[in-house]
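In: Dropping the sequence and predicted coords here.
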Amino acid sequence: MKKLSWFNKVIYFLNIVLTVLTVIAYILPFMAPKLFPLLSVFTLVMPLMLVLNFICFLYWMFQAKRQMLLSGLILLLGITFVSKFYRFSGKELPADKDDFTLMSYNVRLFNLYDWLPDRDIATKIPAFIKEQNPDILCLQEYNKIGDTSFKSYKYKYIFKMAGQTGQAIYSRYKIIGKGDIQFPGSANNAIYADIKKGKDTIRVYSMHLQSIKISPDIHENIDEEKSKIIFNRISAAFKKQQLQAELVAKHKNECPYPMIICGDLNNSAFSYVYRSVRGNMNDAFEEAGKGFGRSYDFKYYPARIDYVFTDKLIDVKQYTTFSSFINSDHFPIMTRLCFEAQNDDEK
């Protein structure tokens, strides 16, 4: 430390602060947000922390300083978090007759309130979905505008809330059971459909957890007062998300079928909420995705808050994020799956 210049001493001090914050972020997925709601905000910026630690590591390495060990150790400890943030290579296995595809998409009420200037979104989204032709389609922030848009699906379960919003599950395979999970004090919820494919039954959950209500342009005109409002809003949302995630986890633990869980969690892959909902299931992005898996249109930050989790009995053969299809504040995600011991005699 004595041999460092005054500039490097400042950098090293900031490096230590960054290290402490990163360690806290590593621990937070294992701690309920209601215990430390403000600290839980760090899970949203963990990817940025990992990048900054890497920059610090390179900074000290090029100077051959032993201080590089600090960020090096932090990066080594967090190696399992990197795959949740970025995948260097994807997976695309050959298609098979037993494969089936699932798309999850928060359609933002088909632009009912003209958030986007394009007035044709209510027709563009169904056209895009028809082109991709998923076997199972899960839509969050669904609106009755879509009631006549997906006639090619023989089976469906549409759940509408008291207001304009709701959720929908469409399927080319027979739906033999359905239901919903209500979230207390919230307009959000989760729905599920038991889908018969061949001789097997799969339960598909579609969920929309509490929004943190941060718009994509939040970085503009931000000041101290606005920052406090944002932090308080995020803290309150995280506490609600915890309850909602625990309700979903309890419900899925009582499910007799293999499961697929998809939807908008409104939280990062480094959060308690993600860990609670996922449980021991596979994250389809980690299995077959590539790049950042960005699913929310947040400027300058590759936010992944939409997920597909699959049962261990289901092989993820392909995963795609359609980040160039900008007709909502979310992007559609789609995965090709294969259920083991599948007899596809009913479709």
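Out: That came in fine, so what should we check first?

In: Low-confidence regions, this protein specifically.
Out: Filtered on pLDDT under 70, the chain yields the residue ranges 1-2, 214-224, 226, 341-347.

In: Now do the strands in it.
Out: Counting by DSSP state E, the chain has strands at residues 99-106, 136-142, 155-160, 166-171, 174-182, 189-197, 200-208, 259-264, 282-283, 306-310, 314-321, 333-339.

In: Quick check: neighbours of the second one in the sheet, parallel or antiparallel?
Out: Strand 136-142 has its sheet partners listed here by DSSP bridges as strand 99-106 (parallel), strand 166-171 (antiparallel).

In: so how far is it from its chain's centroid?
Out: Centroid separation for strand 136-142 versus its chain: 14 Å, with CA atoms, centre = their mean, to the nearest Å.

In: now that strand against strand 189-197, angle please.
Out: When axes from the mean of the first three to the mean of the last three CA atoms, to 10 degrees is applied, the directions of strand 136-142 and strand 189-197 differ by 160 degrees.

In: Tell me the buried residues in stretch 22-29?
Out: 22, 24, 25, 26, 28, 29 (16 or more other CB atoms under 10 Å). Backbone N, C-alpha and C define where each C-beta goes, glycine included.

In: In JSON lines: the residues you listed, plus distance to residue 254.
Out: Putting the buried residues of stretch 22-29 into JSON lines (distance: CB to CB, whole Å) gives the following:
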{"residue": "22", "distance to residue 254": "37"}
{"residue": "24", "distance to residue 254": "34"}
{"residue": "25", "distance to residue 254": "32"}
{"residue": "26", "distance to residue 254": "31"}
{"residue": "28", "distance to residue 254": "28"}
{"residue": "29", "distance to residue 254": "24"}
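
In: Just give me the closest of those residues to residue 159.
Out: For these, the residue nearest residue 159 by CB to CB is residue 29; the value is 29.6 Å.

In: residues in contact with the closest one?
Out: Going by CB atoms under 8 Å, 6 or more residues apart in numbering, residue 29 touches 43, 270, 271, 272, 274, 275.

In: right, and the strands of the chain - which one's nearest residue 247?
Out: Set against residue 247 and scored by CB to CB, those come closest in strand 174-182, at 5.7 Å.

In: got the contact list for residue 61?
Out: residue 68.

In: and the lengthiest helix in the chain, how far out from the chain's middle?
Out: Determined from DSSP state H, the single longest helix within the chain is helix 224-253. Taking CA atoms, centre = their mean, one finds the center of helix 224-253 at 14 Å from the center of the full chain.

In: Mind listing what's buried along that helix?
Out: 230, 234-235, 237-245, 247-249, 252.

In: ok, how many other residues are close to residue 170?
Out: Other residues within reach of residue 170, judged by other CB atoms under 10 Å, total 25.

In: can you put the strands paired with strand 136-142 in JSON lines and add distance to residue 300?
Out: Compiled in JSON lines, the strands paired with strand 136-142 are given as follows (distance: least, CB to CB, whole Å):
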{"stretch": "strand 99-106", "distance to residue 300": "20"}
{"stretch": "strand 166-171", "distance to residue 300": "30"}
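
In: Of the ones you listed, which is nearest residue 281?
Out: Nearest to residue 281, of all those, is strand 99-106, at 13.7 Å by CB to CB.

In: what comes into contact with the closest one?
Out: 125, 129, 132-141, 173, 197, 204, 206, 208, 260, 262-264, 306-308, 317, 328-339.

In: repeat for stretch 248-260
Out: Applying CB under 8 Å, 6+ apart, the contact partners of stretch 248-260 are 102, 136, 181, 190, 192, 194, 200-205, 207, 261, 276-277, 279, 281, 308-311, 313-314, 337, 339.

In: Separate out the buried members of those residues.
Out: Members of the contacts of stretch 248-260 classed as buried by 16+ other CB under 10 Å are 102, 136, 181, 190, 192, 194, 200-205, 207, 261, 276-277, 281, 308-311, 314, 337, 339.

In: ranges for the helices of the stretch 1-150 of the chain?
Out: Applying DSSP state H, counting those that start in this stretch to the stretch 1-150 of the chain gives helices spanning 6-27, 46-62, 68-77, 79-85, 121-132.

In: okay, now residue 302: neighbour count?
Out: Quick note: residue 302 (other CB under 10 Å) scores 15 neighbours.

In: repeat for residue 198
Out: Residue 198, neighbours per other CB under 10 Å, totals 15.

In: Would you quantify the distance from it to residue 98?
Out: 8 Å (CB to CB, to the nearest Å).

In: circling back to that earlier point, quick one, which of the strands of the chain gets closest to residue 15.
Out: strand 282-283 (30.7 Å).

In: Pull the residues that contact the closest one.
Out: Taking CB under 8 Å, 6+ apart as the rule, strand 282-283 contacts 84, 269, 307, 308, 309, 310, 311, 312, 314, 316.

In: so what strands line up beside that strand?
Out: Assessed with DSSP bridges, strand 282-283 is paired to strand 306-310 (antiparallel).

In: And the contacts of the partner strand?
Out: For strand 306-310, contacts defined as CB under 8 Å, 6+ apart pick out 102, 104, 106, 259-265, 269, 274, 277-279, 281-285, 287, 295-296, 316, 319, 330-331, 333, 335, 337.
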